[in-house]
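> Dropping the sequence and predicted coords here.
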Amino acid sequence: MANNNMIFYLMCVAVIAMLPTDACAYLDPSSGGIIIQLLIGGAVGALAVLRIYWVNLSGKMKKIFAKGKK
Amino acid sequence: MSVSPAVRDSSSFRDFEGYVFFEDGKVKRKISSKDAIERMTALLQHSVFKDDLKDDVVASILHGDTMEHERIEIVTYPYEWSFLMLLDAAIAQLRIMQKLVSAGFILKDGCAFNSMYHNGRMVFIDVLSIEFLKNQPIWNGYHQFCEHFLYPLMLKAYKNINFQDWWRGTMNGIATADLNRVLSRYDWLKSGVFLHAVLKNKFAGSIKKEDGIDKTAVQKVPASTILNLANGLSAVIGKMASFKSDSMWTDYEGDNSYTPDERVAKHEFVEEFCKSSRAERIVDLGCNAGEYSKIAADYAKRVISVDYDPDCIDRLYARIKKGEMPSNIVPVVSNLVNSSPSQGWNLCERSGLFARVKADAFIAVALMHHLCISCNIPIAHLVTFLKGVAPSGIIEWVDIDDPMVQVLLKNRKNIFEEYTWENFKAEIEKHFKIEKIFEFPNAKRKLCSLSPL
């Protein structure tokens, strides 16, 4: 159990390191609360979090490549 | 028999399903939607409400589209509560959540204004904010709960920073990002900080609103998530209950300049006043840990005990909880030279402390030198203020030569030529009749009992 918690926290630290911290525009302050609850929801929730960030990341990549083509 | 007209509560406008109003001395709630009436009917008939929640939720009955609640005579706000009061209100809301979820209901939000201090307990008042759980997998009030309860508690328990002034300033608790700016890396190791404060802030900062949260992803989390969240928050906050902080005033009752005889005489003087004045509501200004409030509470229906030191009010509340103090005492954290103002939307949402606290009598013992010497409040202003609080009371004159006043003057110039017994007496007699004066034989102090002119 303790090992599982440790792995969870290490994963979270790794995720934090990758997160951009200066999101601009309008921030939805409760989005962080929703993601925390997804994580508390276990494996299914964690996959949902990964999906949210994958959608986010792939959107950014598309924008970068679209700029490159211009 | 005359019936007073209905007056809508100026703070009750955010919930589109209904609003609170006062009518004929009763607190009522108009419910404006058919769905909400059906929901309240189901809730109030449910055993979870009738049995499990009866100690945590204000007593309520439903008549058609109007709900009537037990009246809470003195309303205090979260920024006037001590650490333990906010902690107990938080634990109570989580306990309510745990019981509600098991019965198919949930709290709409996590708002600290939905709790109030009442007869020694923190009770939940916003019954209309209880809704059906349906298939809701997460708690929408989690973010608000963190900012209203969890972060102010963390600020005190982990950083020993009083939350009251900050809370009052925002009127919405402590913002997630602001708390994170105060936390050090070392604080990340403390219970609940990493998950509920650090990660939550990082996640919020990493998503733009336009990206949104995929609703289908949210729907996939198991139904146990809300209970797990409530249990986790309860465990984090429960651990904080052992936190105790001391200020220079918390030991004042056992460490002051009075001899035992003088103290007995002072007790007798206060007791005689409370007995003879027959005041139903007494406000104890600068109450410390409630030594004189306790005497007053034996005679008055309600005693409002105000002190600027949150640690003293914490002591007082803890004593009330343990049954060492009567529960008709209402503990309030407020600085008399900067008491809670009327504020919020249109300056009407939350009323000022002394608009709420109208008393029949005041107790102002060992107080005036702090206001007049430390805070430069002129005697005339102090007396006018006291007259506004109550028409009668007790005030203790503390002479400029008193050892405690000399301590206050130690490192500053004595600019208080007007601070004399003669001037004080003259100002008092403009607004009150001095009924009795007790002079301490060996101290530079006098107790005066005052009645209306």
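Alright, I've got the coordinates.

> quick one, what contacts B:Thr176?
A:Pro29, A:Gly32, B:His143, B:Cys146, B:Glu147, B:Tyr151, B:Ala197, B:Lys200, B:Asn201, B:Ala204 (CB atoms under 8 Å, 6 or more residues apart in numbering or on different chains). For glycine as for every other residue, the C-beta is placed from the backbone atoms N, C-alpha and C.

> of those, closest to B:Asn162?
B:Tyr151 (13.3 Å; CB to CB).

> how far away is the closest one from chain A?
In this view, B:Tyr151 and chain A are 12 Å apart by CB to the nearest CB, to the nearest Å.

> Return the set of buried residues in the longest helix anywhere in chain A.
With residue count as the measure and DSSP state H as the assignment, chain A has helix A:43-69 as its longest helix. If you call a residue buried by 16 or more other CB atoms under 10 Å in any protein chain shown, then helix A:43-69 has these buried ones: A:Gly45, A:Ala46, A:Ala48, A:Val49, A:Ile52, A:Tyr53, A:Asn56.

> Check which helices and strands it is in contact with.
With contacts defined as 3 or more CB pairs under 8 Å, 6 or more residues apart in numbering or on different chains; DSSP states H and E, the packing partners of helix A:43-69 are helix A:31-40, helix B:215-219.

> What's the mean pLDDT across it?
Per-residue pLDDT values over helix A:43-69 give a mean of 74.

> and B:Val27, what are its phi and psi?
With angles defined as degrees, to the nearest 10, B:Val27 sits at phi -100, psi 120.

> Model confidence score at it, please.
93.

> Between the two ends of stretch B:389-400, what distance do you get?
The first residue of stretch B:389-400 is 25 Å away from its last residue (CA to CA, to the nearest Å).

> Off-centre distance for it?
In terms of CA atoms, centre = their mean, to the nearest Å, the gap separating the centre of stretch B:389-400 from the centre of its chain is 24 Å.

> cool, and stretch B:10-18?
On the basis of CA atoms, centre = their mean, stretch B:10-18 is displaced by 21 Å from the centre of the chain it belongs to.

> and what of stretch B:366-373?
The gap between the average C-alpha position of stretch B:366-373 and the chain average comes to 23 Å, counting by CA atoms, centre = their mean.

> what's the answer for stretch B:409-427, then?
Distance of stretch B:409-427 from its chain centroid, counting by CA atoms, centre = their mean, is 33 Å.

> Next: stretch B:360-380.
22 Å.

> now do stretch B:375-393
With CA atoms, centre = their mean as the basis, the distance from the averaged C-alpha position of stretch B:375-393 to the chain average is 23 Å.

> For it, list every residue counted as buried.
Judged by neighbour count (16+ other CB under 10 Å), stretch B:375-393 contains these buried residues: B:Ile377, B:Ile379, B:Leu382, B:Val383, B:Phe385, B:Leu386, B:Lys387, B:Val389, B:Ala390, B:Pro391, B:Ser392, B:Gly393.

> Stretch B:158-172 now?
For stretch B:158-172, the neighbour count (16+ other CB under 10 Å) marks B:Tyr158, B:Asn162, B:Phe163, B:Gln164, B:Trp166, B:Trp167, B:Arg168 as buried.

> Could you do stretch B:437-453 as well?
Residues of stretch B:437-453 classed as buried: B:Phe438, B:Phe440, B:Ala443, B:Lys444, B:Arg445, B:Lys446, B:Leu447, B:Cys448, B:Ser449, B:Leu450, B:Ser451 (neighbour count, 16+ other CB under 10 Å).

> Tell me the one of the residues you listed nearest chain A?
For chain A, the closest of those turns out to be B:Leu450, at 50.6 Å, with distances computed as CB to the nearest CB.

> What helix or strand is the closest one located in?
Secondary structure from DSSP states H and E places B:Leu450 in strand B:445-452.

> contacting residues for residue 44?
Unless you meant another one, I'm taking chain A. Residues in contact with A:Val44, defined by CB under 8 Å, 6+ apart, are B:Lys220, B:Val221, B:Pro222.

> my bad, the chain I had in mind was chain B
Neighbouring residues of B:Leu44 by CB under 8 Å, 6+ apart: B:Lys50, B:Ser60, B:Ile61, B:Leu62, B:Val127.

> The nearest residue to B:Lys239 once chain neighbours are set aside: what's it in contact with?
If you skip the residues right next to it in sequence, B:Lys239 has B:Ser191 as its closest partner in space, 5.1 Å away by CB to CB, 6 or more residues apart in numbering or on different chains. For B:Ser191, the residues meeting the contact criterion (CB under 8 Å, 6+ apart) are B:Ala235, B:Val236, B:Lys239, B:Met240.

> now those residues: which count as buried?
Applying a neighbour-count criterion of 16+ other CB under 10 Å, the buried members of the contacts of B:Ser191 are B:Val236, B:Met240.

> Could you list which residues are in contact with the residue lying closest to B:Ile320 once chain neighbours are set aside?
What sits nearest to B:Ile320 in space, not counting adjacent residues and going by CB to CB, 6+ apart, is B:Gly120, at 4.8 Å. The neighbourhood of B:Gly120, defined by CB under 8 Å, 6+ apart, consists of B:Ile320, B:Lys321, B:Ser327.

> Counting by contacts, list what whichever strand or helix holds B:Pro331 packs against.
Of the helices and strands defined by DSSP H and E, B:Pro331 is found in strand B:329-333. In terms of contact count using 3+ CB pairs under 8 Å, 6+ apart, strand B:329-333 is assigned the packing partners helix B:291-297, strand B:302-307, helix B:310-322.

> how does it look with 6 Å?
strand B:302-307, helix B:310-322 (3 or more CB pairs under 6 Å, 6 or more residues apart in numbering or on different chains; DSSP states H and E).

> The first one: how far from the chain's middle?
Read that as strand B:302-307. Averaging C-alpha coordinates over strand B:302-307 and over its chain gives two centres that are 10 Å apart (CA atoms, centre = their mean).

> So what are the sheet partners of that strand and their directions?
For strand B:302-307, sheet partners with direction are given as strand B:281-285 (parallel), strand B:329-333 (parallel), following DSSP bridges.

> returning to that earlier point: would you format the buried residues of stretch B:437-453 as a markdown table with pLDDT included?
Rendered in a markdown table, the data for the buried residues of stretch B:437-453 read as follows (pLDDT from 0 to 100):
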| residue | pLDDT |
| --- | --- |
| B:Phe438 | 94 |
| B:Phe440 | 87 |
| B:Ala443 | 75 |
| B:Lys444 | 84 |
| B:Arg445 | 89 |
| B:Lys446 | 93 |
| B:Leu447 | 95 |
| B:Cys448 | 96 |
| B:Ser449 | 97 |
| B:Leu450 | 97 |
| B:Ser451 | 96 |
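
> can you list the residues you listed in TSV and add distance to B:Cys372?
As requested, those are arranged in TSV below (distance: CB to CB, whole Å):
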residue	distance to B:Cys372
B:Phe438	20
B:Phe440	19
B:Ala443	18
B:Lys444	14
B:Arg445	14
B:Lys446	15
B:Leu447	17
B:Cys448	15
B:Ser449	20
B:Leu450	17
B:Ser451	23
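
> nearest to B:Asn135, of the residues you listed?
B:Leu450 (63.0 Å).

> What's the separation between the closest one and B:Gly169?
Distance, B:Leu450 to B:Gly169, using CB to CB, to the nearest Å: 35 Å.

> again, but for B:Glu418
Separation of B:Glu418 from B:Gly169 (CB to CB) stands at 34 Å.

> Ok, B:Ser115 next?
20 Å.

> before we move on, what about B:Arg350?
According to CB to CB, B:Arg350 and B:Gly169 sit 12 Å apart.

> related to what we said a few turns ago, if burial is judged by neighbour count, which of the contacts of B:Gly120 pass?
For these, a neighbour count by 16+ other CB under 10 Å gives the buried set as B:Ile320, B:Lys321.

> got the contacts of B:Gly120 as a markdown table, with pLDDT columns?
As requested, the contacts of B:Gly120 are arranged in a markdown table below (pLDDT from 0 to 100):
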| residue | pLDDT |
| --- | --- |
| B:Ile320 | 97 |
| B:Lys321 | 96 |
| B:Ser327 | 96 |
